[in-house]
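Undergrad: A structural model of the following input is requested.
(chains A and B)
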Amino acid sequence: MKATVHVMLKNGVLDPQGEAVKHALGSLGFEGVAGVRQGKVIELDLADGTSEDTVKAMCEKLLANTVIESYSIELA
Amino acid sequence: MHAGVITFPGSNCDRDLAEAFRKAGAKVTMVWHKETALPQGLDVVGIPGGFSFGDYLRCGAIAAQSPICQAVVGFAQRGGHVLGICNGFQVLCETGLLPGVLMRNATLKFVCRPQPLTVATSASPFLTGYKAGQSVTIPIAHHDGNYAAGPELVAALQAEDRVAFTYEGNPNGSAAEIAGVLSENRRVLGMMPHPERAIEAAQGNSDGAAMFTSLIESLQTA
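TA: Sure thing, here's the model as predicted:
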């Protein structure tokens, strides 16, 4: 089975990389880009039957720093 | 005094940090990250600067989960002294021994220069050699030194006198210009500037030397 974890900076946490990407898009002539937030996608190849709680524990312990980041999990 | 200095894959300030402890009069034992226990009888653990585990995932995140870091957390919880510099500060934040987190510099640029700092408190075994309010110059060299802390955390750190150093002129966007913070028991210090790079005149200045001599004096009189 596979799990996909999305890690994003929480709302309200300044994302300097996202801001830089936004400015770069503006300077390339793309108009109307009001905001860019940059995050991570982590794909996990897991043993069948791995529970969502286990993946959640992985996120809490290592994959995300919950002081500044939020995460979401998709199991497939 | 006996200091242990941890080496992770990617640490590059470990020998400098060991030298700073030695020059102040400490015996130093280098500790590889795969060790599961610290050497017996340590007074202080140093977590050096560098790029542990290539800064993969987040700076310090993988080092913080390494076997030796579990031992360092236990050591700190038993009242041991821990000094984390640069990447070591990032590691301490990731272990939860210190609050907050270090994010990418607001300028997005790596910053490397002698940095004027204000000593915010002298109330720590690492800081008794300084006076609160004193200005010192200590080198910085980092890409991810932007100390991120919400207003409540900043207010709590200030109220508890746990800000160790502030930047004079914010080089990286840190909240409240915070360059270093102390644990509640004041024995764990994390800071982005590199005091081990300022311990003798040959390095340009020796403003960092007092941190190491302060610690040794504090431990000897304790």
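Undergrad: Is B:S124 in a helix, a strand, or coil?
TA: coil (DSSP: H, G, I helix; E, B strand; the rest coil).
Undergrad: Going along the chain, name the strands of the chain.
TA: Picked chain A for this. A:2-9, A:40-45, A:69-75 (DSSP state E).
Undergrad: was after chain B, sorry
TA: Along chain B, the stretches classed as strands by DSSP E are B:2-7, B:27-32, B:44-47, B:81-85, B:101-103, B:111-119, B:135-142, B:146-148, B:163-167, B:178-182, B:188-191.
Undergrad: pLDDT on the helix ranked longest in chain B, on average?
TA: In chain B, assigned by DSSP state H, the helix with the most residues is helix B:209-221. The average pLDDT within helix B:209-221 is 93.
Undergrad: which parts of chain A sit against chain B?
TA: For chain A, the residues in contact with chain B (CB under 8 Å from any CB of the partner chain) are A:13-14, A:16-17, A:20, A:61-63, A:65, A:67-68. Where you see a C-beta, it was placed from the backbone N, CA and C, and this is true even at glycine.
Undergrad: Might one say that B:A71 is in contact with B:A37?
TA: Yes: because the distance of 5.4 Å satisfies CB atoms under 8 Å, B:A71 is recorded as touching B:A37.
Undergrad: Mind checking which of the two has more residues around it?
TA: Taking neighbours as other CB atoms under 10 Å in any protein chain shown, B:A71 and B:A37 compare with B:A71 leading, 18 against 12.
Undergrad: For the more buried one, which residues are in contact?
TA: B:35-38 (CB atoms under 8 Å, 6 or more residues apart in numbering or on different chains).
Undergrad: what number of residues lie near residue 53?
TA: Chain wasn't specified; assuming chain A. By the criterion of other CB under 10 Å, A:D53 has 8 neighbours.
Undergrad: Not quite, go with chain B.
TA: 21.
Undergrad: wait, what's in contact with it?
TA: Contact partners of B:F53, counting by CB under 8 Å, 6+ apart, are B:8-10, B:62-63.
Undergrad: Equivalent analysis for B:G133, please.
TA: With contact taken as CB under 8 Å, 6+ apart, B:G133 is in contact with B:118-119.
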